[in-house]
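1. Turn this into a model:
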Amino acid sequence: MKRVTLILLTVLVLGSAAAFILCPKQMYSASERRRLAGMPKLSADSLLDGSYTGKLETYLLDHFPLRETYRGMKANFAVTVLQQKENNGIYIAQGHASKLEYPLNETGVERTVQMVRSLKKTYFADNRVFYTVIPDKNYFLAAENGYPHMDYEKLSALLSDGLDGEADYIDIAPALTIDSYYRTDAHWRQECIGGVAERLFAGMECERTEFDIASYEQHKIENFNGVYRGQAALPFPAEEIVYLTNETTDNAQVYDVESNSIKAVYQTELLLDEKSLDAYDIYLGGARAVLVIKNVFGGGDGRRLIVFRDSFGSSLAPLLLEQYDEVVLVDLRYISASLIDRYVEFENADILFAYNTLIWNNGSILKK
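-> Prediction:
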């Protein structure tokens with residue numbers, strides 16, 4: 001019996017080693033939405049300081065044969081057998097996967113507030129300035145299902161006190177429910193945020209405040225798996241992404257400052273790019289430092305809107321376009337605040353800070 005066990009163990013070890021050597025190495029993990037580690041370069045310095053062994057271990061773990069299968073087995077065992085309430089920081093409640101995010105970081109909130117105040121003083125002291133808070137999924141799930149969460153009431157109070165006299169608050173939370181979000185992802189569904197657009201239109205005193213979703217054509221993309229599905233390594237049915245088009249979005253011109261190129265509002269060609277890890281990137285191409293979206297029909301009577309945004313703004317901006325001649329998106333995670341006046345003209349523009357709770361809670365993410 002011992003000999004059989006030894007033989008089986010030897011076969012397993014040698015077989016795994018052979019599979020590791022022979023199997024092609026992937027550059028990306030579609031399920032985890034990240035690049036996999038590359039083979040580290042060996043040098044005397046990396047050996048002496050210990051960095052080589054650490055990087056080598058990461059490389060071996062990232063490319064282990066049947067890695068996704070083992071991840072799934074581990075996750076299912078943790079949830080079904082061990083009865084753990086979360087796996088890899090992801091929990092399941094009401095048919096949704098969400099990531100634990102807590103506690104409230106008052107220092108982080110203060111940094112975000114100071115960033116807003118500094119930007120206004122430097123670039124748009126005389127403009128109309130607004131802000132809104134995009135709830136994360138825990139806002140709807142955590143307390144009701146017994147999970148820890150940040151103190152949302154205190155977050156609201158800190159922002160109200162810090163931005164008093166600097167920006168007007170627009171409350172969009174009443175226009176949302178948990179089903180306004182993808183089940184396996186952090187983001188909201190574009191077809192579910194018409195009420196958000198209406199609240200923003202009203203708060204910014206646009207000429208029209210109604211949002212008519214019937215005037216848009218809905219396009220569906222199948223087999224979307226959100227970031228939480230991959231991180232949790234738990235079986236979840238695929239979802240569909242819906243994006244809304246009309247004559248305005250079809251003809252709009254999106255200028256990408258980084259690539260110095262004109263693109264479309266919805267970049268469906270990214271679905272064919274194996275390096276594109278997130279189907280949500282069809283909305284304006286995903287994360288970009290500065291985007292300038294032109295409404296060629298001039299629906300805003302000269303009005304312009306500058307949105308300091310995160311990834312939620314990618315699917316929101318196309319819905320705001322009909323009320324403005326131009327919508328400019330600025331993502332301070334990818335460009336320094338000290339540089340934006342090189343690319344953005346603030347004259348005759350409304351200013352909107354539209355951040356989700358996680359950004360408001362962690363101002364260190366934004367570049368000064």
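2. hey, let's count contacts and neighbours off CA atoms from now on
-> Will do.
3. Double-check that residue 133 belongs to a strand.
-> Yes - assessed with DSSP: H, G, I helix; E, B strand; the rest coil, residue 133 lies in a strand.
4. and the gap between it and residue 365?
-> 16 Å (Cα to Cα, to the nearest Å).
5. between the two, who's got more neighbours?
-> Legend: neighbour count by other Cα atoms under 10 Å for residue 133 and residue 365, higher for residue 133 (21 against 16).
6. Report pLDDT for the more buried one.
-> pLDDT, residue 133: 98.
7. Could you measure from it over to residue 216?
-> 26 Å.
8. Repeat that for residue 362.
-> 35 Å.
9. And for residue 364?
-> Applying Cα to Cα, the value for residue 364 to residue 216 is 38 Å.
10. Dig out what residue 87 forms beta bridges with.
-> Beta bridges link residue 87 to residue 90, judged by DSSP bridges.
11. hang on, residue 121 is in a helix, isn't it?
-> Yes - assigned with three-state DSSP, residue 121 falls within a helix.
12. Show the pLDDT at it.
-> For residue 121, the model assigns a pLDDT of 97.
13. For burial, what's the neighbour tally of it?
-> By other Cα under 10 Å, the residues close to residue 121 number 12.
14. Check residue 215 too.
-> Close neighbours of residue 215, defined as other Cα under 10 Å, add up to 11.
15. Next: the one 3 residues further on.
-> Other residues near residue 218 come to 14 when the count uses other Cα under 10 Å.
16. May I have the secondary structure class of it?
-> Classification of residue 218 by three-state DSSP places it in strand.
17. so how far is residue 243 from it?
-> Distance of residue 218 to residue 243, given as Cα to Cα: 6 Å.
18. can you check residue 165 too?
-> 37 Å.
19. Between these two, which is the more surrounded one?
-> Comparing residue 165 with residue 243 by neighbour count (other Cα under 10 Å), the higher total belongs to residue 243, at 20 against 10.
20. Same question for the helix or strand encompassing the more buried one: list its buried residues.
-> Assessed by DSSP states H and E, residue 243 sits inside strand 239-245. Neighbour-count burial for strand 239-245, with 16 or more other Cα atoms under 10 Å as criterion, is recorded at 239, 241-245.
21. now swap in stretch 346-366 and tell me
-> Neighbour counts over stretch 346-366 (16+ other Cα under 10 Å) mark 346, 349-366 as buried.
22. can you list the residues that contact that stretch?
-> If you take Cα atoms under 8 Å, 6 or more residues apart in numbering as the criterion, stretch 346-366 is touched by 101, 104-113, 115, 123-124, 127-136, 155, 204, 303-310, 312-313, 332-334, 336.
23. what are the phi and psi values for the closest residue to residue 207 other than its chain neighbours?
-> Spatially, and ignoring its direct neighbours in sequence, residue 207 is nearest to residue 323 (7.5 Å; Cα to Cα, 6 or more residues apart in numbering). The phi and psi values for residue 323, taken as degrees, to the nearest 10, are phi -90, psi 0.
24. Residue 323 against residue 205, yeah?
-> No - between residue 323 and residue 205 there is no contact under Cα atoms under 8 Å: 10.4 Å.
25. which of the two has more neighbours?
-> A count of neighbours by other Cα under 10 Å puts residue 323 above the other of residue 323 and residue 205, at 22 against 10.
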